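Colleague: The following comprises the amino acid sequence and a computationally predicted model.
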Amino acid sequence: MTTSTLSESRRQPSYAKLAIILGTLSAFGPLSIDMYLPALPTIAEDFGTQTAVVQQTLAVFFIGLAVGQAFYGPIADRVGRRAPLLFGCGLYMLACIGCALAPSIQSLILLRFAQALGACAGIVISRSIVRDLFDQQESARMYSFLMLIMGLAPITAPLIGGQLLLFFGWRAIFVTLSGFGLLCLLLVAFILPETLPFERRTRAGLGAALRAYGEILANRSYMGYAIAGGLASSAMFAYISGSPFVFIELNGVAPERFGLLFGTNAVGLIAAAQFNRWLLTRYQGIQILRTALAFTALTGLLLLGVTATGLGGFPAMLVVLFFCIASTGLVGPNATAAAMAPYPKSAGSAAALLGAIQFVLGAVAGALVGALHNETALPMAGVIALCAVGSYTVLHLLALRPVPQEAAS
């Protein structure tokens, strides 16, 4: 933390305490997605519906994250950080309680959308707070900590969810998540101070925010990197949507053991992201991105082939799936950096739009897995392959095609 920042406010929590608070807020998304994955087949049975219908609760959550990100950034820049955070944490907590009491699958789908709108606050504003308080070097250290939390959550959440399902039923998962929302609300209310002074808040209205989004959307290079990265992430979202059925119902994995397999792929993703840091000391990010996306496309097609032919059975599918999902840890950071590079003055809008594109594509991929459900693993494998090949294609058709130099925004 810079000396000037420390002198501005003696109420700032210590570095370690701040890291824990922001890391907790950044975990809203993965906890909300991954903790209830082992329960999807059980929820379908409880409501007397098909797994494909229950998978819509994932799709609407992705949509809610996309919509919320587009709004929270400009609002937090205008009114400060604490008020939107308190609202989001409160909305999240209430939506979780509603999910635990949901009388039908239709109400659960609607409440999952509301839950996502609340979760957005922690995901978006935690990054803004880091920018408020730290210089470039210290920001990088703090962002690394937040990314570590984001990576650990997919490992621990399914394990916790599986045990809650085993001993207390699926509704206990949402009760636990409501407790997490309450914890975040208390942390923001009593420990986390306002980090955006009044004089630094923007006076721009909705029209200015929309114009900024329009200018970014018109940049072909930005859209190429954003869509390529979003499609690579969508391959992972397709895996998230389809894996409960493929692992638990189709291949007999116990729900409480589902988290072990799911966590293994999360470990691969974290390892690839750390390997990317080493590669960046020797190669350009664009070079890494091109090679990584070629590998993702190749493993996506191989996954489809193994699934369609049954060659090697379930173990072969797990091995190929591991490398396919892990490779996205090389894609995301480099695609994001390339897309954001031309926008030093409108980084907030560019980051919000990037997140919105990612979760819209993820929602489409998750919904497609559910719509194509045919009691086999082919829908999951097919959508993963489609996203992986599409990501590689978009990169070369949009992002890497020569374009006139565009002014930085």
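Modeller: Cool, got the structure.

Colleague: going forward, measure contacts and count neighbours with C-alpha atoms only.
Modeller: Fine.

Colleague: which secondary element of this structure has the worst mean pLDDT?
Modeller: helix 3-8 (a mean of 40; mean pLDDT, DSSP states H and E).

Colleague: Could you list the buried residues of the next helix or strand after it?
Modeller: Per DSSP states H and E, the first helix or strand lying C-terminal to helix 3-8 is helix 15-26. Neighbour counts using 16 or more other C-alpha atoms under 10 Å place Leu18, Ala19, Ile21, Leu22, Gly23, Thr24, Leu25, Ser26 of helix 15-26 among the buried residues.

Colleague: now helix 15-26: mean pLDDT?
Modeller: Per-residue pLDDT over helix 15-26 has a mean of 80.

Colleague: just stretch 203-223 next, same as before
Modeller: The model assigns stretch 203-223 a mean pLDDT of 76.

Colleague: Same check on stretch 36-50?
Modeller: Mean predicted confidence for stretch 36-50 is 86.

Colleague: That one: end-to-end distance?
Modeller: End-to-end span of stretch 36-50 (C-alpha to C-alpha, to the nearest Å): 16 Å.

Colleague: Just list the residues touching Leu187, thanks.
Modeller: The contact partners of Leu187, taken as C-alpha atoms under 8 Å, 6 or more residues apart in numbering, are Ile21.

Colleague: right, I mislabeled it, should have said Ile288
Modeller: Leu279, Leu280, Leu330, Val331, Asn334.

Colleague: Need the three-state assignment for it.
Modeller: Three-state call for Ile288 (DSSP: H, G, I helix; E, B strand; the rest coil): helix.

Colleague: re earlier: please flag which of the contacts of Ile288 sit within helices.
Modeller: Under the assignment DSSP state H, the contacts of Ile288 contribute Leu279, Leu330, Val331, Asn334 to helices.

Colleague: wouldn't the third one be in contact with Gln287 here?
Modeller: Yep, that's Val331 we're talking about. No. Contact criterion C-alpha atoms under 8 Å: Val331 and Gln287 do not qualify, at 10.8 Å.

Colleague: The two: who's more crowded?
Modeller: Val331 (29 against 12; other C-alpha atoms under 10 Å).

Colleague: And the next helix or strand past the helix or strand where Phe61 lies?
Modeller: Element membership of Phe61, judged by DSSP H and E, is helix 56-79. Sequence order places helix 82-100 as the next helix or strand after helix 56-79, per DSSP H and E.

Colleague: now that next one and helix 56-79, what's the angle there?
Modeller: 160 degrees (axes from the mean of the first three to the mean of the last three C-alpha atoms, to 10 degrees).

Colleague: Distance from helix 82-100 to the middle of the chain?
Modeller: Relative to its chain's centre, helix 82-100 lies at 18 Å (C-alpha atoms, centre = their mean, to the nearest Å).

Colleague: tell me the pLDDT at Leu111?
Modeller: 95.

Colleague: List the buried residues in the helix or strand encompassing it.
Modeller: In the assignment (DSSP H and E), Leu111 maps to helix 105-133. Neighbour counts over helix 105-133 (16+ other C-alpha under 10 Å) mark 105, 108-133 as buried.

Colleague: counting contacts, what elements does it pack onto?
Modeller: Here helix 105-133 touches helix 15-26, helix 28-34, helix 56-79, helix 82-100, helix 136-168, going by 3 or more C-alpha pairs under 8 Å, 6 or more residues apart in numbering; DSSP states H and E.

Colleague: pLDDT below threshold where in the stretch 51-200 of the chain?
Modeller: The model of the stretch 51-200 of the chain has pLDDT under 70 over residues 131, 134-151, 154, 200.

Colleague: ok so, going back, of all the contacts of Ile288, which comes closest to Phe359?
Modeller: Val331 (15.7 Å; C-alpha to C-alpha).

Colleague: can you pull the contacts of the residue nearest to that closest one when sequence neighbours are not counted?
Modeller: Spatially, and ignoring its direct neighbours in sequence, Val331 is nearest to Leu289 (5.6 Å; C-alpha to C-alpha, 6 or more residues apart in numbering). Each residue near Leu289 by C-alpha under 8 Å, 6+ apart is listed here: Leu330, Val331, Asn334, Ala335.

Colleague: what's the distance between Leu289 and Ile325?
Modeller: 15 Å.

Colleague: Export stretch 62-71 to CSV, keeping only CA atoms.
Modeller: In CSV, the C-alpha atoms belonging to stretch 62-71 read as follows (Å, rounded to 0.1, in the frame of the first residue of the first chain):
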residue,chain,number,x,y,z
PHE,A,62,-24.5,-17.1,-15.9
ILE,A,63,-27.0,-14.7,-17.4
GLY,A,64,-27.4,-12.9,-14.1
LEU,A,65,-23.7,-12.6,-13.7
ALA,A,66,-23.4,-11.1,-17.2
VAL,A,67,-26.2,-8.6,-16.7
GLY,A,68,-25.0,-7.6,-13.2
GLN,A,69,-21.4,-6.9,-14.3
ALA,A,70,-22.6,-4.5,-16.9
PHE,A,71,-24.3,-2.3,-14.3
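
Colleague: contact partners of that stretch?
Modeller: So stretch 62-71 is in contact with 113-121, 124, 349, 352-353, 355-360, 362-363, going by C-alpha under 8 Å, 6+ apart.

Colleague: let's see it at 6 Å
Modeller: Phe113, Ala116, Leu117, Cys120, Ala352, Ala356, Phe359, Val360, Ala363 (C-alpha atoms under 6 Å, 6 or more residues apart in numbering).

Colleague: list the contacts for the second one?
Modeller: So the one you mean is Ala116. Phe61, Gly64, Leu65.

Colleague: can we see that at 10 Å?
Modeller: 28-29, 32-33, 58, 60-69, 88, 91-92, 95-96 (C-alpha atoms under 10 Å, 6 or more residues apart in numbering).

Colleague: Kindly report the same for Ala335.
Modeller: Ala335 touches 222, 224-230, 232, 285-286, 288-290, 395, 399, counting by C-alpha under 10 Å, 6+ apart.

Colleague: could you redo the last one with a cut-off of 6 Å?
Modeller: Neighbours of Ala335 in contact, by C-alpha under 6 Å, 6+ apart: Tyr225, Gly229.

Colleague: how about the helices of the stretch 151-300 of the chain, start to end?
Modeller: Applying DSSP state H, counting those that start in this stretch to the stretch 151-300 of the chain gives helices spanning 171-190, 206-217, 220-243, 255-279, 285-309.

Colleague: In JSON lines: those, plus distance to Ser14.
Modeller: Below are the helices of the stretch 151-300 of the chain laid out as JSON lines (distance: least, C-alpha to C-alpha, whole Å):
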{"stretch": "helix 171-190", "distance to Ser14": "14"}
{"stretch": "helix 206-217", "distance to Ser14": "34"}
{"stretch": "helix 220-243", "distance to Ser14": "34"}
{"stretch": "helix 255-279", "distance to Ser14": "27"}
{"stretch": "helix 285-309", "distance to Ser14": "34"}
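
Colleague: Noted, bye for now.
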